[in-house]
Every structure is written in C-alpha cells, then in structure tokens.
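Q: This is a predicted model, with the sequence first.
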2 protein chains.
Amino acid sequence: MSTPGKKEQIYAAARALFSTRGYAATTVRDIAKEVGIRGASVYAHVDGKERILWDLVIEAADAFRDAVRPIMASPLAPDEKLRLAMAEHVTVIARNIETSTIYFHEWQHLSPARKRAVRDRRDTYEQLFRAVIAEGMKKRVFAKRDPRHVSIVLLSSLNGVSTWFRPSGPLSPESLGALYADLLLKGILR
Amino acid sequence: MSTPGKKEQIYAAARALFSTRGYAATTVRDIAKEVGIRGASVYAHVDGKERILWDLVIEAADAFRDAVRPIMASPLAPDEKLRLAMAEHVTVIARNIETSTIYFHEWQHLSPARKRAVRDRRDTYEQLFRAVIAEGMKKRVFAKRDPRHVSIVLLSSLNGVSTWFRPSGPLSPESLGALYADLLLKGILR
DNA sequence: CCTACCGATCGGTAGG
DNA sequence: CCTACCGATCGGTAGG
C-alpha cells in the first residue's frame, strides 16, 4: 500500500541526490534508502528513474516562466523590466537551488523527445529576454550590441549563481537577485 | 605492446565523452570503442577511469592559471588587468571547450583528496581576480561593492560561456572574450 | 592489446 | 511495500 506523502519524499530525496551527485551517479536504491524503503518499492510510487528527472526539470522550467513572464508582459520601461526579470530569475534559482541545478545540468540525460521539449521551452524563455533587450536597444537605453548574444550571455551568467549559492550563506535570494541585476546593468566600472 | 599516441587517443575520446555525456554516464568501454580497442586494453595505457578525469581536470586548471597569472602580475592599471583577464579566461574556455566543461562540472566525481586539491586551486585562482577587483575599488575605478561577491559573480558568469559556446558557430574565442569583458565592465545600460 | 573472467551493482519486474 | 529475481553492464584483473 502506498502511503500518502511517500511520493513527495521520494522526489525530495531525488532533488537532493540528483543535484549533488548528478543523475547518472544516483541509483534508485540511493533514493529509496533516503526514504527508508527498498529500491524495488520506489516503483510503487513512480514510473521510473527518468520520469522523476523529467518531473523535476519541468518543475524548474515552470518556476522560471511563471516568475518572469508577467514582468515581461507588464507596461514597464525595458530597463525596469530587464532589471526585475534578472532579479527574479536569480531569486528563483536561489529559492530552488536543487531543482535549478538539475534543470541546468541533468536535462541532457532525458530521452531525445524530452530533451527536445526542454530545449524548446528554454528557447521560448530566452526569447522573453531577447525581446526586451532588443526593445531597450531600439529605445537607446541599452548600448547597441547583438541582442541574441546579449540575451544568452546574460542568462548563462545569471545561471552561474546555481554553482556557488548556498542557502546557509549570508546572502538572501532577494539581495542576490538585486546584486546580479545591478552588476549586469551597470557593469563593474563606475 | 602499447602504441605511441594511443594514450593521447584515449584522452581525446575521454574529453569528448566526459564533456557531453558526463563522467558517470561514460564507461571505459565507451572510450575504448572510440579508440578501436577493447575495454580491458585501456588499462594498458591508463591507471583507471578516475585517473583520466584527474588528468583532464588538472589540464584545464593549468590552462586558466597560465593564461591569467601573468596578466595579474603585470604593472597595468586594475581595469586593464581585469579586462584582459576576463577576456583571456573566456578565450581559454572557448579554445578548450571540452576540458573546461569537464573542469566545471565533473570534478565532483573525483576522490575526496583530489576534490580538495581542485577546490584549493580554484580558490587560489579566484583570489587573483578578487585582488585586482579590490584594487580597482580602492582606486575608485570600480564601483564599490563586496569584492568577494563581485569576483565570484564575475567568474561564474564567465564560466557560463562553456554551456553554450560551440566552436562551429560564428564567434571566435577572441571576440567572445572581448564581448564578455566589455559587457561585464560596462554593463548593459548605455 | 586480447580473451576470459571477477564480484558488484544497475534499473526494473513478478508476485504477492 | 517486501522478497526474490532478471538480464545487462560496470570497473578492473589475470595471464598471456
């Protein structure tokens, strides 16, 4: 019999293990042990190992989209939209550090069809940034560069926070978002 | 009998496989197949799988240090030093995209002692950046922020180039380095 | 550099 | 949710 809540425990264990050891180096038995059941019993709650990864990847992709889309759809000026979007993006990472790390690094272990779906969602998301960057350049509030390059440099830079942020540290997700937005908008020079 | 050059072929195959599939998802037999030998024969040339990873990680760490240390030791002004160092760092990644990707993502699969050694080298390298950033702030050429935060945000941002750069693309390693240095020094705003 | 082989472990299924 | 088990595969060694 499956206990209510057990499935969520399995996903919580998978989040921790996939994000630290990586998907390929984590076994179903590792996850089971963390939850206090046998390896085979995991399959009473979950379709399989890859299905867990897929659910976690979608969880992360949704979090980014839901945080940033309303900002981009708002009537704010491009520089304000970009500032808020960058800050939100970083804050989402910091608040969901495990899932975000999995999203960035482990999606490649999905099946080809699911990999394609991830790439599509990521491209759609990046397009949100590219549009506001292009708008800001047109309105001469941003320096003129290739918007495609800037959007990808910018997003990959923001994603870097997942490699070093620790929730136990002194920085809050919000102050971290503000730091990144400020630094990337204004640069290091004064 | 071991053929001369075979060892380098094994390392070339490992660079390609570790950087795309990841260390844990790559088998010794995968590497062997790429080289055209049997899995067991790999051990005539190499100590073991982890030793290959270790050698590749050190290869990358050396490349970064050798490129950036002379710049930091030069008598240039802090903003010029930082610009050159950032550009060189990105250029090294782009020129060694496979090894760099392994360095950033796969070092965690090393033994505890080797992991510690990697962390130490990485900290020493980051210190080079932190010092010039602190110097630039003191001389009021950089905006005043926490140098520790800025150095880590900056380096993790530069490292992001490894997630999207493809040598087959239109950007050269050098122009990419210039783009990153310019963007991070001056920011997106004009 | 090969064949043959080792013990260990993998994701997953059968059948309660 | 368990025991028992499956075929496949792992990193690595022996002995040429």
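A: Great, that's in hand.

Q: rest of the way, CA atoms for contacts and neighbours
A: Fine.

Q: Where does chain A get nearest to DNA strand C, residue-wise?
A: A:Thr27 (3.2 Å; CA to the nearest atom of the strand).

Q: now that residue: how far from B:Val90?
A: Per CA to CA, to the nearest Å, A:Thr27 is found 35 Å from B:Val90.

Q: For those two, work out which one has more neighbours and name it.
A: B:Val90 (29 against 16; other CA atoms under 10 Å in any protein chain shown).

Q: For the one helix or strand the more buried one maps to, enumerate the helices and strands it packs against.
A: Under the criterion DSSP states H and E, the helix or strand holding B:Val90 is helix B:78-95. Counting contacts by 3 or more CA pairs under 8 Å, 6 or more residues apart in numbering or on different chains; DSSP states H and E, helix B:78-95 is packed against helix B:49-73, helix B:112-138, helix B:147-159, helix B:173-186.

Q: Turn those helices into TSV, columns for mean pLDDT, distance to A:Val42 and mean neighbour count.
A: Below are those laid out as TSV (pLDDT from 0 to 100; distance: least, CA to CA, whole Å; neighbours: other CA atoms under 10 Å in any protein chain shown):
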stretch	mean pLDDT	distance to A:Val42	mean neighbour count
helix B:49-73	98	30	17
helix B:112-138	98	30	16
helix B:147-159	98	36	20
helix B:173-186	98	46	21
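
Q: Using TSV, please lay out those together with distance to DNA strand D.
A: Output for the helices and strands packed on helix B:78-95, formatted as TSV (distance: least, CA to the nearest atom of the strand, whole Å):
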stretch	distance to DNA strand D
helix B:49-73	4
helix B:112-138	15
helix B:147-159	27
helix B:173-186	32
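
Q: A:Ala14: which of the ones you listed is closest?
A: helix B:112-138 (22.4 Å; CA to CA).

Q: circling back to that earlier point, turn the helices and strands packed on helix B:78-95 into a markdown table, columns for distance to B:Glu98.
A: Compiled in a markdown table, the helices and strands packed on helix B:78-95 are given as follows (distance: least, CA to CA, whole Å):
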| stretch | distance to B:Glu98 |
| --- | --- |
| helix B:49-73 | 9 |
| helix B:112-138 | 17 |
| helix B:147-159 | 13 |
| helix B:173-186 | 14 |
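
Q: Relative to A:Gly5, which of those is closest?
A: helix B:112-138 (34.7 Å).

Q: Give me the contact status of the closest one with chain A.
A: No - counting by CA under 8 Å from any CA of the partner chain, chain A has no neighbours in helix B:112-138; the shortest distance is 8.8 Å.

Q: Only alpha carbons, please: show the helix holding B:Val90 as PDB.
A: Extracted in PDB, the C-alpha atoms of helix B:78-95 (Å, rounded to 0.1, in the frame of the first residue of the first chain):
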ATOM      1  CA  PRO B  78      43.300  47.400 -12.500                       C
ATOM      2  CA  ASP B  79      40.600  48.000 -15.100                       C
ATOM      3  CA  GLU B  80      43.000  47.000 -17.900                       C
ATOM      4  CA  LYS B  81      44.200  43.900 -15.900                       C
ATOM      5  CA  LEU B  82      40.600  42.900 -15.300                       C
ATOM      6  CA  ARG B  83      39.600  43.400 -18.900                       C
ATOM      7  CA  LEU B  84      42.400  41.300 -20.200                       C
ATOM      8  CA  ALA B  85      42.000  38.600 -17.600                       C
ATOM      9  CA  MET B  86      38.300  38.300 -18.200                       C
ATOM     10  CA  ALA B  87      38.900  38.100 -22.000                       C
ATOM     11  CA  GLU B  88      41.600  35.600 -21.600                       C
ATOM     12  CA  HIS B  89      39.600  33.400 -19.200                       C
ATOM     13  CA  VAL B  90      36.700  33.300 -21.700                       C
ATOM     14  CA  THR B  91      39.100  32.600 -24.600                       C
ATOM     15  CA  VAL B  92      40.700  29.700 -22.800                       C
ATOM     16  CA  ILE B  93      37.200  28.200 -22.300                       C
ATOM     17  CA  ALA B  94      36.300  28.600 -25.900                       C
ATOM     18  CA  ARG B  95      39.600  27.200 -27.100                       C
END
